[in-house]
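Enquirer: Could you work out the structure for the sequence below:
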Amino acid sequence: MSSTKGKTLYFNDKSMDYVTFGKGKKSLVIIPGLGDGIQTVKGMDMSFSITYRILAKRYKIYVFSRINELRQGYTTRDMAADVAEAMEVLNITSAYVMGISQGGMIAQWLAVNFPEKVEKLVLAVTTAKLSNLGRDRISCWLNLSQTGTYKDLMIDIARHSYTTKSFGKFKYLYRIMGIFGHIKDKQRIDIQSVSCLKHDSLDFLEKINCPTLIIGTEKDDVLGVDGSFGLHHHIRGSQLIILPGCGHALYEQNKDFQKRVLVFLES
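Expert: This is a model prediction of the structure:
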């Protein structure tokens, strides 16, 4: 954790918060999910270093937020271009890339449009196009973020992200977070939510040629597990893992998740 740093990168009239940690020589870029619309990675450096401590033993990890200057109509494809540009500025010529949830949508475009940047790709709890379930969930969160309370939003996210058993453990924590927290930028989560609703990379997945691992979860009540099967079907030579007894929140099986990613990256 001594190598952990939170920074802001400035490039071409844009700024992007990012966190870096780990002492490995090989770079691993992580693109987080829609939670970035509520809170960027700024101030979360220690949290990320603890969460990904297994991978941090082997890699130099970079966790990139979306840029701070999001505009209406900004797409997941635009966000991938920002990540590629940030990598260029930081002299990361190529890296292993892991995208989680909405981050996986962005990572798909990164591998399609900037193949030279991606040596190996991990797509976790994500999809090439939202199912009716995913559309309902994100539309609900978008509505809550604009008209509801922070507490309502956080409780609903937790209820559907965790399995019933895990939610029972965490619901009081989320209620406390809801009391003291607030939505800092409604426009930011609005833009990112809409980008998820419009995401559709199905016709481009055949262009992904790097080794790819797809990880879905058996009880994903946000995007469903079918999206993982769909990605596996369309990305040639991809590997597929379905984590049993786990919801959309990979924290429920964090150690197993990281070990499976590590085996793939080291193979």
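
Enquirer: right, and the helix or strand after the strand or helix carrying Leu121?
Expert: Assigned by DSSP states H and E, Leu121 falls within strand 118-124. Downstream of strand 118-124, the next assigned helix or strand under DSSP H and E is helix 132-147.

Enquirer: Counting neighbours, show which residues of that following helix come out buried.
Expert: Leu133, Gly134, Arg137, Ile138, Cys140, Trp141, Leu142, Leu144, Ser145 (16 or more other CB atoms under 10 Å). (Glycine included, C-beta is placed from N, CA and C.)

Enquirer: Can you give me the end-to-end span of stretch 59-77?
Expert: By CA to CA, to the nearest Å, the extent of stretch 59-77 from end to end equals 26 Å.

Enquirer: go on, stretch 215-235?
Expert: 13 Å.

Enquirer: who touches that stretch?
Expert: 101, 122-131, 133-134, 137, 160-161, 163, 202, 205-206, 208, 212, 214, 238-248, 250, 253, 257, 260-261 (CB atoms under 8 Å, 6 or more residues apart in numbering).

Enquirer: so after the helix or strand containing Gly230, what's the next helix or strand?
Expert: Element membership for Gly230, per DSSP H and E: helix 226-234. Remark: after helix 226-234, the chain's next helix or strand is strand 239-243, criterion DSSP H and E.

Enquirer: which stretches of this protein have low pLDDT?
Expert: Within the chain, the stretches with pLDDT under 70 are 1-3, 170-181.

Enquirer: can you give me the strands in it?
Expert: 5-11, 14-21, 26-31, 59-67, 95-100, 118-124, 212-217, 239-243 (DSSP state E).

Enquirer: Nearest to Asp190, out of those?
Expert: Across the strands of the chain, Asp190 has its closest neighbour in strand 59-67 (12.6 Å, CB to CB).
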